[in-house]
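1. the amino acid sequence is not available; the structure is as follows:
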């Protein structure tokens, strides 16, 4: 059951990224792009959680999972600061 929740979280993050990317294509507001990239990173993070907890529970993927989340949040933070500076 936990594996299903991890996959649903990944699908939700992918859906959010897709909607944000469509908004970016229509409006061309950079913050939508940074947010979409962040959600793609969060989707990758959720996929790594699924792999870590369900597929190969004997292998510890703690560091790659956290680095992926850090990269996703850093992208959004950079976008927020960069957009605010304009």
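-> Here it is on my side, so go on. Remember, it's a predicted structure, so these values are computed and weren't measured experimentally.
2. distance between stretch 68-86 and the chain's centre?
-> Taking the mean C-alpha point of stretch 68-86 and that of its whole chain, the gap between them comes to 12 Å (C-alpha atoms, centre = their mean, to the nearest Å).
3. need the residues that contact that stretch.
-> Stretch 68-86 is contacted from outside by 30-31, 33-35, 37-42, 44-45, 48, using C-beta atoms under 8 Å, 6 or more residues apart in numbering. Every residue, glycine included, has its C-beta placed from N, CA and C.
4. 6 Å instead, please
-> Counting contacts by C-beta atoms under 6 Å, 6 or more residues apart in numbering, the residues outside stretch 68-86 that touch it are 30, 31, 34, 37, 38, 41, 42, 44, 45, 48.
5. report the buried members of these.
-> When burial is judged by neighbour count using 16 or more other C-beta atoms under 10 Å, the buried members of the contacts of stretch 68-86 are 31, 34, 37, 38, 41, 42, 44, 45, 48.
6. contact partners for the fourth one?
-> Spelled out, it's residue 38. Residue 38 makes contacts with 72, 75, 76, as judged by C-beta under 6 Å, 6+ apart.
7. got a pLDDT number for the first one?
-> Taken from the predicted model, the pLDDT recorded for residue 72 is 98.
8. neighbours around it, how many?
-> Residue 72 has 20 neighbours, counted by other C-beta atoms under 10 Å.
9. how about residue 10, nearest residue that isn't a chain neighbour?
-> Leaving aside its chain neighbours, residue 10 sits nearest to residue 46 (3.7 Å; criterion: C-beta to C-beta, 6 or more residues apart in numbering).
10. also residue 43?
-> Distances taken as C-beta to C-beta, 6+ apart place residue 13 nearest to residue 43, at 3.8 Å, with adjacent residues excluded.
11. I'd say the one you found and residue 40 touch.
-> No - under the criterion of C-beta atoms under 6 Å, residue 13 lies out of contact with residue 40, with a separation of 7.7 Å.
12. number of nearby residues for the residue lying closest to residue 38 once chain neighbours are set aside?
-> If the residues on either side of it in the chain are set aside, residue 38 comes closest to residue 76, at 3.8 Å by C-beta to C-beta, 6+ apart. When counting by other C-beta under 10 Å, one arrives at 18 neighbours for residue 76.
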